[in-house]
Every structure is written in C-alpha cells, then in structure tokens.
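> Below are the sequence and a predicted model; questions follow.
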Amino acid sequence: MADRSTAAVDVADTSGEEPLTAKAGASTGDGKSRERDTAPQSTEETDRAGSSAAVSAPELHSGHKLARRYRLEECLTRLDGFSSWRAVDEKLRRAVGVHLLPAEHPRARSVLAAARSAALLGDPRFVQVLDAVEEDEIVYVVHEWLPDATELTALLASGPLEAHDVYQLAQQISQAMAAAHREGLSHLRLNPGAVLRTSTGQWRVRGLAVNAALRGIEVDSPQRTDTEAIGALLYAALTQRWPYEDDAYGLSGLPKGMGLIAPDQVRAGVHRGLSELAMRALVNDGSTASRQESPCTTPDELVRAIAEMPRIRPPEPVFTAPPEYQRTSFQQGSYGRPAPRAAQTAPVVVPPPPLQTRTGKVLKWGVAALLIAALGLGSWQLADALMDRDTPKQPETSQPADTTDEKPKIATHKITGAAEYAPDGSPQNADSVSNTYDGDSSTYWRSRSFVDGPRLAPYKQGVGIVYDLGAEKDVSAASIGLRYAGDRTTVELYAADSLSSGTPVGSMKRIGTTTTQSTTAKVDAKEAVTTRYVVVWLTHVPQAPGDQYSGSGYKQAITDVKLRG
C-alpha cells in the first residue's frame, strides 16, 4: 500500500481560493485568503449557498468500499459538504484519491460533468480522472494518486527554483492549459498546491475543472484567469514570494503599498527573460512602462511567447576533485612488521654485470644464432628476386566488375514541417509532432490509449501525422520507428494535398502499406508517387502496458520517420 503523500490527493486548500484576477485584498490573520468564490452576490445565490451549507459531507468511515472496489483508507479533509479520501483500488492494487459528496448537493451535477469532461481529455500532463459515478445517493470522483510527486509548495519551501526548472514549468504548464482550453476545459484554481513535479522531472496539473466545480467557482474570463495563475506560479518559483500583498501557500507576500514589481527587482540573479514572461502573464494591463511587450491573456499566447524565448539549458554538473591519494603503512608493506633497528644494517647484494650470469650467456648465444639465420634467409630471398626479374611475366587479364546486382541509392527526403492528421477533429498529441523527425529516437509522438484493438475502427478510423517535404518529390519508401511492439501495428502511406486534416484518407492516393509486430515499420511502394505532403496513417495498434504518461491499452508512439524517393 502506498505511503501517504499530500502530492497525490487534492486536499481542501482554503488558501488562495479567490481567482487571481480578483482583488487580492481580503485575508485572514493566519495568511490564508477567505473563500470568496462562492460568496453570494444576490438573493438567488444566497439561497443556493445556504442550501450548500446545509448539505453535509457523507458520513463514511475507513474501510467502506465504493462499487465493491475502492476501499477508503484515510479521510484527508471535509469542507463545504464534500470530503477527500485516500483509498485503494483493490481490483488493480494501487492507491487512488477519491472526492465524495451527497447526490443532493447543489454542485453534484456540475462535479460529475466536470470530472467526465476532464477524463475524456486524456492528456498525460494532467492527473487523470479514473472514474466519476453516482451510486447509492453518493457522487464520487476517483483520480490518480502520485506518491512519487512533490507539490510546488513543498519545493518552494526550500528556496526559489533554478532558471531551467522555471523554464520547464512555464513551458509544460502553459502547453497543458492551452490544450485543455482548446477542449473547452479550464482550471480556475491553478495554484502551487495544484502543480506537481514527478521523480522524472515532469510537471503535472491536478484538479482540472473538478476543483472549481467542487467549490462552485465560475468566472467570466477563464482563459485570463488561468493565464494569470500561471504568471503567479512563475513569479513564486523565481522569487519565493507570492505576487500579492497577502501571504499564501506558505509564501510571504510583497511589501505593503509597493504594488506589483518585477521578479528581477525582488531578488538578485533572476533570469531577465523569465521575469518579463511572468509579468506579461500576471499584470492585467500589460507590461510596465520600461517593458513594452504585449500582455499574454490566454495560455496559447503564453506558449507562443515561451517559444520565442532562447532555450534555457540545464546547469552544468559540478564535479568535485577526489581527495589526494594517501598511502598507508599497510600499502607500504610495513603493516605488522617490527621497525628495523638502527644499529643493524642489512647487507647489500651487488648484482653481477649484465649478461655475465648463466642465463645471460644462454641468451647471448641464442641472439647470435637468430642473427645468422636471418642473414641466410635474406640472402636466399634476394637471389630468388634476381632470378624472377629475368623471367617474362604473363599479362593479367582484368574482367569488368559485375554490377548487375547493384541497386541505385535511395535518397532520404528532408522533412520541413508536420502536423497531426485528425480528420475527425480530435487530435491525439498535436504538440509533440516535431519529435518524430528531430533525429532523436528518445523523443516521440504518442496516441491515446484505447480500450479495444488492435483495429481502432469503428471508434476511430485511425491516427496519424501529415509531413511536408517542402516541394514535390518522388516518394517510394518509408521507415517508421515505433515505441511499442506486439500484435500488431498497421501503417498506411498516402499522398495528401496539404497539411490540413479536412481531407479523408479515402480520397487520397495510397503509396503503400505494411503490418509489423516489431518497433520498425518499412513501407515499400510498387511505384514512386510524386507529392509534397505524405500522411503516415495508423489503423491498428498493439496492446501496451501503462507508463507515467498513459494507462495500459491499445496505443502506439512514433519515434522517427524517414521518407525516401
């Protein structure tokens, strides 16, 4: 059974409940902001808030089982009519987190809808929702438990992060939230307690849509709210200070009356580009007068701003010189032996002159015999060479080399661009398409995990990527590197008209197809096809185990693609 980890379950964190776009002025004496997201503003909202307070959290106990599968272990919090638990999935023998609330709770319907929408996203950068069920007058949401992950709150307790870590945090969280907003999902409670770093260095976000639904948080501009929340995370990671006057999440706020100042003015040594990026995401009215960059109001704009920055490399490892080697008395050969007396001197044995011993004489005569033999052999070879010089040589007839079996070399085309091919409008992992032609076999583009297979139809006709060769070229073969082996992967190649996903593969010209059970798929066409755009289309994928990015199921990942003419 996994040990308890606060990084695994979203417990009720009452600090920083207010969206960051709201005025950060109300705080309690202990530095935790009052919960104002659900504060009633009208008579109707007052009645709804009163009914929410009247519904108490379900009175369950440790050992209770949900759906004869999830055994509750420890109650982590009770707040506002719902409770959070650490539980065990007895079917899969793993720890999970569970949120519970009564079915008559005014937010029960919205919590179920948010959880099911988040589960359909399937993005590995978010803590996955595993189940969302209404049963026996109880609504419960089951999600992943990550015992090896650490909250950003705990990381900042020991000091600000390195510039490379902050760069990775900004890049991964911004891309994740941009993907979520494209699917109509928002977080609205993105704070240091909702961001986790795994043991492999990956950043993950928990509580997508569900945290806000549990607390009844709704805003008019969700993209602006999440973008400003990312800016606050970057500010805290760079300075170890919360970018408002009130203390929150274990961090000290800014001095009273100074307003919002740039991170590089709060702490020396802060990366200038990351400081400006945090201000562009955080300040509502854009940059300060000295920095005229336009503000970032959506995660997509923040992703583009990060892409325009120079890449920040990790710090060079520091190697310490080993201590100087010290010889001990044991290594010197005197261990356990008494020290020699000063009065006694050991007799010195004088060696005989070189080659005057019996062995030396034998060696001397042996070398002399070898020299005589070498001289005789050399004389015989010289005489034989002189005799051969007088003998006329027969001309050698050369035969032309047989080149009938040689095949012409096939050129590998350079790929200038690519995009995920998703004619049904549901891409798999569009942000990692470039990993398939970057020359690094350790990076890859991965599909989602499907329940049925190997054939993806009828749930999905296929998944794939369309590549741009820069100009029309002859394509007759392809080599596709795959991540998962097994029964089975089917790859089809088509000639497309553009990078757009609007054209179905049925109307394209097929170049070739192949089926493999290994991690390499080679497609050879009967004849070359002239095209600029080539679609790599997977219609069958093998069964693969779960990993840190996705669960087990039928899935495939492409590591390298080479197109030849």
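Happy to help now that I have it. Numbering: from 1, shown residues only.
> following the lowest-mean-pLDDT helix or strand in the chain, which helix or strand comes up?
Ranked by mean pLDDT, DSSP states H and E, the weakest helix or strand in the chain is helix 43-54, scoring a mean of 42. Counting by DSSP states H and E, the element after helix 43-54 in chain order, helix or strand, is strand 65-66.
> Toward the C-terminus from that next one, list the very next helix or strand.
strand 70-79.
> What are the buried residues along that following strand?
For strand 70-79, a neighbour-count test (16 or more other CB atoms under 10 Å) marks 70-73, 75-78 as buried. In this view, the C-beta of every residue, glycine as well, is placed from N, C-alpha and C.
> count of residues packed around the closest residue to L482 other than its chain neighbours?
Leaving aside its chain neighbours, L482 sits nearest to T519 (4.6 Å; criterion: CB to CB, 6 or more residues apart in numbering). By other CB atoms under 10 Å, 17 other residues sit near T519.
> what do you get for L482?
L482: 22 neighbours (other CB under 10 Å).
> Spatially nearest residue to V129 (excluding sequence neighbours)?
A119 (4.0 Å).
> for that neighbour, what are its contacts?
Each residue near A119 by CB atoms under 8 Å, 6 or more residues apart in numbering is listed here: 128-130, 132.
> which residue ranges form the helices in the stretch 201-350 of the chain?
Ranges of helices in the stretch 201-350 of the chain, per DSSP state H, counting those that start in this stretch, are 210-215, 222-239, 263-266, 272-282, 299-308.
> what stretches of the stretch 301-450 of the chain score poorly on pLDDT?
Scanning the stretch 301-450 of the chain for pLDDT under 70 picks out 318-321, 324-358, 388-409.
> 50 instead?
Scanning the stretch 301-450 of the chain for pLDDT under 50 picks out 330, 332-336, 396-405.
> Output the helix or strand hosting I465 as CSV, restricted to C-alpha atoms.
If you go by DSSP H and E, I465 is part of strand 463-482. Coordinates of each C-alpha in strand 463-482 appear next as CSV, following Å, rounded to 0.1, in the frame of the first residue of the first chain:
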residue,chain,number,x,y,z
VAL,A,463,-4.5,8.2,-36.1
GLY,A,464,-1.5,9.8,-37.9
ILE,A,465,0.6,12.7,-39.0
VAL,A,466,1.0,14.6,-42.3
TYR,A,467,4.5,15.6,-43.3
ASP,A,468,5.7,18.5,-45.5
LEU,A,469,8.7,17.8,-47.8
GLY,A,470,9.0,21.5,-48.8
ALA,A,471,8.4,20.7,-52.5
GLU,A,472,7.0,17.9,-54.7
LYS,A,473,9.3,14.8,-54.6
ASP,A,474,9.1,11.2,-55.6
VAL,A,475,8.2,9.0,-52.5
SER,A,476,8.6,5.2,-52.9
ALA,A,477,9.6,4.0,-49.4
ALA,A,478,9.3,4.9,-45.7
SER,A,479,10.9,3.8,-42.5
ILE,A,480,8.9,4.4,-39.3
GLY,A,481,10.3,3.9,-35.8
LEU,A,482,7.7,2.7,-33.3
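> Pull out the buried residues from that strand.
Applying 16+ other CB under 10 Å to strand 463-482 flags 463-469, 473, 475-478, 480-482 as buried.
> following it, which helix or strand comes up?
strand 489-496.
> Partner strands of the helix or strand following that following strand, with direction?
Next along the chain after strand 489-496, taking DSSP H and E as the criterion, comes strand 509-516. Strands flanking strand 509-516 in the sheet, each with its direction: strand 489-496 (antiparallel) (DSSP bridges).
> hang on, isn't A521 packed against E492?
No - between A521 and E492 there is no contact under CB atoms under 8 Å: 10.2 Å.
> if we can go back for a sec, which element, helix or strand, includes the residue nearest to V129?
helix 108-121.
> tell me the average confidence for that helix?
Mean per-residue pLDDT for helix 108-121: 95.
> right, and the helix or strand after it?
Counting by DSSP H and E, what follows helix 108-121 is strand 129-135.
> could you say what helices and strands the helix or strand just after that next one packs with?
Proceeding N to C from strand 129-135, the next assigned helix or strand is strand 138-144, under DSSP H and E. Of the remaining helices and strands, those touching strand 138-144 by 3 or more CB pairs under 8 Å, 6 or more residues apart in numbering; DSSP states H and E are strand 65-66, strand 94-102, helix 108-121, strand 129-135.
> partner strands of strand 138-144, parallel or antiparallel?
Going by DSSP bridges, the partners of strand 138-144 are strand 94-102 (antiparallel), strand 129-135 (antiparallel).
> Any chance of the ones you listed in TSV with distance to S252, mean pLDDT and mean neighbour count as columns?
Output for the strands paired with strand 138-144, formatted as TSV (distance: least, CB to CB, whole Å; pLDDT from 0 to 100; neighbours: other CB atoms under 10 Å):
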stretch	distance to S252	mean pLDDT	mean neighbour count
strand 94-102	30	95	22
strand 129-135	34	94	18
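> and these as CSV, adding distance to G273?
Formatted as CSV, the strands paired with strand 138-144 follow (distance: least, CB to CB, whole Å):
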stretch, distance to G273
strand 94-102, 36
strand 129-135, 35
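> And those: which comes nearest D547?
strand 94-102 (13.9 Å; CB to CB).
> Next, the angle helix 108-121 makes with the closest one.
150 degrees (axes from the mean of the first three to the mean of the last three CA atoms, to 10 degrees).
> Strand 94-102 vs strand 70-79, what angle?
Going by the same axes, to 10 degrees, strand 94-102 makes 50 degrees with strand 70-79.
> Contacts only, for V463.
421-422, 428, 447, 456, 537-538, 541, 556.
> roughly how far apart are the residue nearest in space to the middle of the chain and I230?
In the chain, the centroid-proximal residue (CA atoms, centre = their mean) is Q202; its distance is 5.0 Å. As judged by CB to CB, to the nearest Å, Q202 and I230 stand 17 Å apart.
> picking that back up, A236 is nearest to which of the strands paired with strand 138-144?
That would be, of these and by CB to CB, strand 94-102, which comes in at 24.2 Å.
> chain center to the closest one: distance?
Distance of strand 94-102 from the chain centroid (CA atoms, centre = their mean, to the nearest Å) equals 26 Å.
> Mean confidence (pLDDT) on stretch 71-80, please.
90.
> May I have it as CSV, with CA atoms only?
Output of stretch 71-80 as CSV, limited to C-alpha atoms (Å, rounded to 0.1, in the frame of the first residue of the first chain):
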residue,chain,number,x,y,z
ARG,A,71,-11.7,0.9,-0.2
LEU,A,72,-11.5,4.2,1.7
GLU,A,73,-8.3,4.3,3.9
GLU,A,74,-8.0,7.8,5.3
CYS,A,75,-10.1,11.0,5.3
LEU,A,76,-7.9,13.9,4.3
THR,A,77,-10.4,16.7,4.5
ARG,A,78,-14.1,17.7,5.0
LEU,A,79,-15.1,21.0,3.5
ASP,A,80,-18.3,22.6,2.2
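> quick one on the thing from earlier: from A485, how far out is the residue nearest to L482?
For T519, the distance to A485 - CB to CB - is 5 Å.
> what does L152 give?
For L152, the distance to A485 - CB to CB - is 37 Å.
> Noted, bye for now.
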